[in-house]
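Engineer: A predicted structure for the sequence below; I have some questions about it.
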Amino acid sequence: MAVIVLKEIFKTYKRSLRQRIEAVKGLSFTVEKGEIFGFVGPNGAGKSTTIKILMGLIFADKGEARLLDLPCTCPKARAKVGFVPEQPVLYDHLTGEEFLYFTGELYGLPKKIYKKKAIELLERVGLKEVKNLRLRQYSKGMQQRLVIAQALIGDPTLIIMDEPLSGLDPIGRMEIIDLIRSLKQQGKTIFFSSHILHDVESVCDRVALMVKGELKFLGKPDNIEKTFREELRQWARS
Amino acid sequence: MGQVISIAKVTFKEGMRERIFLGVLIFVGFLLIGSGFVADLSIGDILKVTQDIGLSGLSFLGLFISLFLSTHLIAKDLDKKTIFLVISKPIARWQYLLGKFLGLCFLTTFALFIGFFVFIITLFYFWKTANLFQIPHIAWYKHILAFIYLNLKMYLLVAIGIFFSSFSSSALVAFFFSLFVYFIGSNLENVKMILESKAGENISSFIKGIFHLAYWLFPNLSLLDLKAVAVHNLPLDMSSLALRLIYGIFYTVALLLFAFFIFEKREFT
Amino acid sequence: MRLIIGLICIFISLWINATLKSNFRQWALSPLPRPEVARLLSGEFTALGSDYFLMKAAIFYGGEEGLTKAESLWLSKALYLTSYLDPYYFEPYWMAGSILPWEGRIQEAKNILKQGLIYLPQNWQIPFYLGFVSFYFEKNYKEAARYFLRASKLPGAPSYLPLLAARLAVKGNETKMAIIFLQEQLKRFKDIKIRTQLEKRLNTLKIILFLEEAVKKYQQRYRRLPSDLNELVDKKIIPALPLDPYGGRFYLTKEGRVWSTSNLR
């Protein structure tokens, strides 16, 4: 069963009256249930745009995008989706616990359930001691861990992450990759983007390579760097 | 609906934890308590001046929260991108705005209630200790009515703030537009009175025409202002009160619906 | 925290500013905005604007010297502005009626008071003041009687009002009326400076009344008016000619009334 379906997606940004940036051109692929799917490409390739379209933050000009077999413009499509945005910012006036409760309520979970899950997740990401501290007192790393927790509180079947590995030290990167693997073992589907090819090669079942808004490759990640080295170099020069 | 309440609660907490909110609350507190002493300096009727300062102080507090905080908090959400973690949940866009609206309304009423409480105590104190020829009658229940309508007026202003925030990308722009609408709305009756008086005879019909358009378009905020009724103990007309209430509610709902519509199409890059 | 302290400082400085009445005359005489402009700038806070201008007017008037023509014009404009901004406020009507006519601003006083008739229809004092102005300053007895009658029907009106209306037909009662009127006003003002002004006027009118009664006695005895007030002293009707508290000199008018060169100003 396809958890993500993208069919002929087009998106153009109109910066000013003359300047138009074609961020996504005719993108089509699917992500199957239970796989770890990597979405790679250089910066500016259109990966974030695609993810934002999937999450209902922006709207595609043309084409069809579906999450868990519902149109992505429909809020219900996100009921079982956990999202980790690129460089996430939290409501820093809330405490860690308050934020997770808030997220639980947004997912429509009953109070008993989200309270229990919040404790579990805080423990799991190692933030149990600081749950009553305001988020503005958390370090960057702690905030990142809370964002992961809030993505998981709704017991999602699909987790979408936009550049989860960028800006992390090697230990942080290891932790995220371990998390991704453990989530797959729980039967969840993970879809994440990265501009570092090596990261996706090691953990993903399948990858999609995007350059300048177009899909250049879709399949197993073996030797992706070698295969496309020339193409990527050309892009870097233009 | 629970999700709307959830956002409302978070908005309420956010407003309460804003330091500037506390600052203004304290300032108005001082203003209210000091109003009696200022009134004593003035040679007018001490109780009337106390009531004027008190009610105006409350209006000002409400104005600040409804116009400033509404535009500020939403713009902050969009600017810092904290909104991403909310909009990406299984909620509709309008639920987010409605939650913000309700949270801001709770915040406004909470602050105004504290201010009103201080005001009534102050007024009562000066009423009992006043050294006047005649102790005037104070229409306490009309003050309560004026307070209720003040809250309604503030809800309308919150809706204005939310409306402008729904499409503006800058807090400052949304705030100034809201302030502009407030200023025009407060003066609609004043301008009408001037145009109908002797001073207004020389004004061109073109300007009068523009004014009539504005009169229908902009919210007539003085309809929800019962300060004069409370201070001067003016007679109340039940049907007029009901119509004002309905006007306030309809205008607020209309603004919110427009805001919902605009916000639905907004893109968060 | 800094913000709170800053706000408190602003408040305290405003308070100090208001208590510094030393140069109040200059401060009070600053130019007044046009009423329409003031109203538009106040928006929903017209009541505060009204209080502010009334305070200016009252502080200004509390001075001891008499008002020049320009000053009395300023005062009438200030009172008009106050009543324009808050037409339901009684104080400006009362001040206009009690002070302006004595300073020669009769029409201005009437304009302001007539607005009061519309907005405070149940208040007896407004038609009462109008009546007094018509009677004492304009000598329009018919209009005065109409106003007094109107006042007498309103709640709280003193019971002597219908009598007053009747007395108007009788000439020579102007001074007595003015005394009654001033006594009524003294009950309301609590500010020392304004009370001093009113009491001074009241005493002077009492002196005038005293002199007018003496003139009547002279008339009864000698069947003619005295040529000069000093004759009253010569004929031993009064022991001495009293001094005018305003510094002028009392004299006898052609009609046989007593007035002063100071015009009570």
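Structural biologist: Looks like it arrived, so ask away.
Engineer: looking at chain A, which helix is longest?
Structural biologist: helix A:170-185 (DSSP state H).
Engineer: neighbouring contacts of that one?
Structural biologist: Residues from elsewhere that reach helix A:170-185, judged by Cβ atoms under 8 Å, 6 or more residues apart in numbering or on different chains: A:34-36, A:141, A:144, A:148, A:159, A:164-165, A:168, A:190, A:192, A:199, A:202-203. C-beta coordinates here come from the backbone N, C-alpha and C atoms, glycine included.
Engineer: out of those residues, flag the one nearest to chain C.
Structural biologist: residue A:141 (30.7 Å; Cβ to the nearest Cβ).
Engineer: skipping adjacent residues, who's closest to the closest one in space?
Structural biologist: Of all residues not flanking residue A:141 in the chain, residue A:172 sits nearest, at 6.5 Å (Cβ to Cβ, 6 or more residues apart in numbering or on different chains).
Engineer: which single residue in the stretch 101-250 of chain B comes nearest to chain A?
Structural biologist: residue B:103 (12.1 Å).
Engineer: what about the lengthiest helix in chain C, distance to the chain center?
Structural biologist: Ranked by residue count and defined by DSSP H, the top helix of chain C is helix C:192-222. How far helix C:192-222 lies from its chain's middle: 17 Å, per Cα atoms, centre = their mean, to the nearest Å.
Engineer: who does it touch, helix- and strand-wise?
Structural biologist: Counting contacts by 3 or more Cβ pairs under 8 Å, 6 or more residues apart in numbering or on different chains; DSSP states H and E, helix C:192-222 packs against helix C:46-61, helix C:174-186, helix C:230-234, strand C:250-252, strand C:258-260.
Engineer: how far off centre is the following helix or strand past the longest one?
Structural biologist: The reference is to helix C:46-61. Following helix C:46-61 in sequence order, the next helix or strand is helix C:69-85 (DSSP states H and E). Distance of helix C:69-85 from the chain centroid (Cα atoms, centre = their mean) equals 13 Å.
Engineer: quick one: contacts of the helix or strand that helix C:69-85 is followed by?
Structural biologist: Downstream of helix C:69-85, the next assigned helix or strand under DSSP H and E is helix C:90-99. The contact list for helix C:90-99 (Cβ under 8 Å, 6+ apart) reads B:44-45, B:48, C:50, C:54, C:57-58, C:61, C:75-76, C:79-80, C:82-83, C:86, C:108-109, C:112-113, C:115-116, C:120, C:123, C:125-126, C:129-130, C:132-133, C:185, C:188, C:198.
Engineer: and the residue in the stretch 51-200 of chain C that chain B sits nearest to, how many neighbours?
Structural biologist: Across the stretch 51-200 of chain C, the shortest distance to chain B (Cβ to the nearest Cβ) belongs to residue C:58, at 3.6 Å. For residue C:58, the count of nearby residues is 25 (other Cβ atoms under 10 Å in any protein chain shown).
Engineer: against residue C:186, how distant is it?
Structural biologist: In this view, residue C:58 and residue C:186 are 16 Å apart by Cβ to Cβ, to the nearest Å.
Engineer: quick one: residue A:29 is in a strand?
Structural biologist: Yes: judged by DSSP: H, G, I helix; E, B strand; the rest coil, residue A:29 forms part of a strand.
Engineer: quick one: low-confidence parts of the chain?
Structural biologist: Going with chain A. In the predicted model, chain A carries pLDDT under 70 at residues A:223, A:225-227, A:230-232, A:234-238.
Engineer: please go with chain C instead
Structural biologist: Using pLDDT under 70, chain C drops low at C:1, C:16-29, C:62-66, C:163-173, C:188-189, C:265.
Engineer: need the residues of it near chain A, please.
Structural biologist: Contact residues (Cβ under 8 Å from any Cβ of the partner chain) of chain C with chain A: there are none.
Engineer: same thing with chain B?
Structural biologist: B:2-3, B:6-7, B:9-10, B:13-14, B:17, B:80-82, B:84-92, B:265, B:267-269.
Engineer: mind checking which of these land in helices?
Structural biologist: Per DSSP H, the subset of those in helices is B:2-3, B:6-7, B:9-10, B:13-14, B:84-87.
Engineer: reformat those residues as JSON lines; add pLDDT.
Structural biologist: Listed next are these as JSON lines, based on pLDDT from 0 to 100:
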{"residue": "B:2", "pLDDT": "84"}
{"residue": "B:3", "pLDDT": "90"}
{"residue": "B:6", "pLDDT": "91"}
{"residue": "B:7", "pLDDT": "91"}
{"residue": "B:9", "pLDDT": "90"}
{"residue": "B:10", "pLDDT": "90"}
{"residue": "B:13", "pLDDT": "88"}
{"residue": "B:14", "pLDDT": "87"}
{"residue": "B:84", "pLDDT": "92"}
{"residue": "B:85", "pLDDT": "92"}
{"residue": "B:86", "pLDDT": "93"}
{"residue": "B:87", "pLDDT": "92"}
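Engineer: for those residues, which single residue is the most surrounded?
Structural biologist: Compared across those, residue B:7 has the highest neighbour count, 25 neighbours, by other Cβ under 10 Å.
Engineer: regarding the spatially closest residue to that one that is not a sequence neighbour, which helix or strand does it belong to?
Structural biologist: Spatial nearest neighbour of residue B:7, excluding adjacent residues (Cβ to Cβ, 6+ apart): residue B:99 at 2.6 Å. Assigning secondary structure by DSSP H and E places residue B:99 in helix B:93-129.
Engineer: quick one: mean pLDDT for that helix?
Structural biologist: For helix B:93-129, the mean pLDDT works out to 89.
Engineer: does whichever helix or strand comes after that helix come close to chain C?
Structural biologist: The helix or strand immediately downstream of helix B:93-129 is helix B:140-167, counting by DSSP H and E. No: applying Cβ under 8 Å from any Cβ, one finds helix B:140-167 out of contact with chain C, separated by at least 9.0 Å.
Engineer: buried residues, the helix or strand just after helix B:140-167. List them.
Structural biologist: Following helix B:140-167 in sequence order, the next helix or strand is helix B:171-196 (DSSP H and E). Using 16 or more other Cβ atoms under 10 Å in any protein chain shown as the test for burial, helix B:171-196 gives B:171, B:174-175, B:177-179, B:181-182, B:184-192, B:194-195.
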